[in-house]
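A.B. asks: Please find the sequence and the predicted model below.
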Amino acid sequence: MPIKPDSCPVYFINSDSEALVPKALSAQATQWIEATGFAAKEGEVCLVPGPSGACEAVLFGLGKKDSKTASPLLPGLLPVKLPAGRYHFADTDRFVEDPQALFLATLAWHLGCYRFDRYKENAKEMPQLDWPEGVDNDEVLRQAKGCNLARDLINVPSNDMGPDELEAVTRGLVDTHGAKLEVTTGDALLEKNFPMIHAVGRASPRAPRLLDFIWGKESDPKVTLVGKGVCFDTGGLNIKPGNSMALMKKDMGGAANVLGLASMIMSAKLPVRLRVLIPAVENSIAGDAFRPGDVLQSHKGLTVEIGNTDAEGRLILADALSLADDEEPEMLIDMATLTGAARVALGPDLPPFYSDDSELVHAIASESHRQWDPLWNMPLWNAYDAKLSSDIADVNHISSDGFAGSITAALFLRRFVAKTKSWVHFDIFGWAPAAQAARPKGGEAQGIRALYNLIRNRYDVSWS
């Protein structure tokens, strides 16, 4: 897209540059910038007016060149700080040696434009960016749309995003890309041997279900995604306190992120045979709710003692993972808003991931760094597996003490993956507690840009 005549230039300025004012600007503009005291601190914006009073240029501070806190996603702050209008990056020559930085700056702009305004009468008009030369527009939009799909699904409150609505969104995605969807609902879950999905969701008037769709050629490498779809979590009979329940609309964040990732894969037409499994339930309170101390059968055949009904996500994931494992995909990925322990260890912005496949761990860590999509590898510490022992069943689904909660949850899930070599579990938060660059407050996509690029690089030989 060519730069339009009314497009305002945006200059990126480092605070330790020899000059903080671009040479292309007029003497009057220079005087204005000096008068404002612009110092090019990280995220600092200076709007430079022209003779007519309209914006003639924008200066955007990047901080010091060697800053440890600066991020290539920092331009994601621009849509928040700029008035509506057209803009373009004026000094793209600075990205000649690092085209990935230009791609990320462009993607950051689009991620930063996201607003969840479904329930607002008047939506804010966002600034528009003319495409920088050399940036793959389709790729930017593909990744932004996938992330924003995940954000939208998480942000919708549970009264409008229950198992029915999550199924409807999935059907829409399936129809768009020509995939095939099978849905198992209510008591049919028992008939098809998904007893733990049924047990977790049976107390809600909104029937539990397993969403299962397949896309791509059967001859292509099998990549399977599993996403936790707890559309609301009361904690069950181990009821959550009110302050812990307030954000439980986001407990289907694993499903939301998996659908966002699937949309990227299918839109790019990657040469994989994609399967997506989403157990969609509400963990509610009623007379037929499952109880602490119950022993549940699982799809795999293992019996599971219930230590706490507020640890329901791993139960529905276990049935879905066992089904996925039956066909031995080349790569099996699950994503879930699973434990508070992960947040205690790493905070809301840095999701841990777990895998026994060291090559896959290295590849994920590498893409996480390259895409600025934060992830952190945590160990599947075998010695902690004993914490899941049960006196009356094959396994308890929570540990015998309060230690290493995210690790023991991953170890529990690993028991249901026996045939697949490359399995990885992500314990995401799915939420931005405060606005950051390219990350408005609210539902958040975590890890899916890194995973999409990993899958594309691994299986699409045409990509260069």
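C.D. replies: Structure's in. What do you need?
A.B. asks: what number of residues lie near the nearest residue to residue 306 once chain neighbours are set aside?
C.D. replies: By the measure of C-beta to C-beta, 6 or more residues apart in numbering, the closest residue to residue 306 outside its immediate chain neighbours is residue 294, 4.6 Å from it. The C-beta positions use only the backbone N, C-alpha and C, and glycine is treated the same way. When neighbours are counted by other C-beta atoms under 10 Å, residue 294 registers 14.
A.B. asks: Hmm, residue 294 is touching residue 308, no?
C.D. replies: No. Look at residue 294 against residue 308 with C-beta atoms under 8 Å: they stay out of range, at 11.2 Å.
A.B. asks: secondary structure class for residue 203?
C.D. replies: Recorded secondary structure, residue 203: coil (DSSP: H, G, I helix; E, B strand; the rest coil).
A.B. asks: let me redo that: residue 231
C.D. replies: Residue 231 is classified as strand under three-state DSSP.
A.B. asks: That one contacts residue 208, doesn't it?
C.D. replies: No. Under the criterion of C-beta under 8 Å, residue 231 makes no contact with residue 208, lying 9.8 Å away.
A.B. asks: Overlap in contacts, those two.
C.D. replies: 163, 280-282 (C-beta atoms under 8 Å, 6 or more residues apart in numbering).
A.B. asks: Let me know the pLDDT of residue 1.
C.D. replies: Per-residue confidence at residue 1 stands at 50 (pLDDT).
A.B. asks: Likewise for the one 4 residues further on?
C.D. replies: With respect to pLDDT, residue 5 has a value of 70.
A.B. asks: That one belongs to a helix, doesn't it?
C.D. replies: No. Secondary structure assignment (three-state DSSP) places residue 5 in coil, not in a helix.
A.B. asks: Select, from the shared contacts of residue 231 and residue 208, the two members most distant in space.
C.D. replies: 280 and 282 (8.7 Å; C-beta to C-beta).
A.B. asks: Which of the three states applies to residue 119?
C.D. replies: Under three-state DSSP, residue 119 comes out as coil.
A.B. asks: Name all residues that make contact with it.
C.D. replies: Residue 119 neighbours (C-beta under 8 Å, 6+ apart): none.
A.B. asks: which stretch of helix or strand covers the residue lying closest to residue 433 once chain neighbours are set aside?
C.D. replies: Nearest non-adjacent residue to residue 433, counting by C-beta to C-beta, 6+ apart: residue 348, 5.5 Å away. Using DSSP states H and E, residue 348 falls within no helix or strand.
A.B. asks: Name all residues that make contact with residue 348.
C.D. replies: Taking C-beta under 8 Å, 6+ apart as the test, what residue 348 contacts is 429, 431-433.
A.B. asks: would you turn the residues you listed into a markdown table with pLDDT and distance to residue 271?
C.D. replies: Formatted as a markdown table, those follow (pLDDT from 0 to 100; distance: C-beta to C-beta, whole Å):
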| residue | pLDDT | distance to residue 271 |
| --- | --- | --- |
| 429 | 98 | 32 |
| 431 | 98 | 33 |
| 432 | 98 | 33 |
| 433 | 97 | 38 |
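A.B. asks: So what angle separates the directions of the strand or helix carrying residue 254 and strand 229-233?
C.D. replies: Here residue 254 sits within helix 253-267, counting by DSSP H and E. Following axes from the mean of the first three to the mean of the last three C-alpha atoms, to 10 degrees, one obtains 150 degrees for the angle between helix 253-267 and strand 229-233.
A.B. asks: Tell me which other helices or strands helix 253-267 touches.
C.D. replies: Contact here means 3 or more C-beta pairs under 8 Å, 6 or more residues apart in numbering; DSSP states H and E; on that basis helix 253-267 packs against helix 137-155, helix 163-177, strand 222-227, strand 273-283, strand 331-336, helix 448-459.
A.B. asks: In JSON lines, list the ones you listed along with mean neighbour count.
C.D. replies: Converted to JSON lines, the helices and strands packed on helix 253-267 look like this (neighbours: other C-beta atoms under 10 Å):
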{"stretch": "helix 137-155", "mean neighbour count": "21"}
{"stretch": "helix 163-177", "mean neighbour count": "17"}
{"stretch": "strand 222-227", "mean neighbour count": "27"}
{"stretch": "strand 273-283", "mean neighbour count": "27"}
{"stretch": "strand 331-336", "mean neighbour count": "28"}
{"stretch": "helix 448-459", "mean neighbour count": "23"}
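A.B. asks: Could you give the number of residues near the closest residue to residue 185 other than its chain neighbours?
C.D. replies: In this structure, residue 185 finds its nearest non-sequential neighbour in residue 209, 4.2 Å apart by C-beta to C-beta, 6+ apart. Using other C-beta under 10 Å, the number of residues around residue 209 comes to 25.
A.B. asks: pretty sure residue 209 is touching residue 183, no?
C.D. replies: Yes. Using C-beta under 8 Å, residue 209 is in contact with residue 183, at 5.6 Å.
A.B. asks: which neighbours do the two share?
C.D. replies: Contacts common to residue 209 and residue 183, judged by C-beta under 8 Å, 6+ apart, are residue 167.
A.B. asks: Show the contacting residues for residue 115.
C.D. replies: Contacts of residue 115 by C-beta under 8 Å, 6+ apart are 123-124, 126, 440.
A.B. asks: For the residues you listed, which entry has the maximal number of neighbours?
C.D. replies: Busiest of those [other C-beta under 10 Å] is residue 440, holding 21 neighbours.
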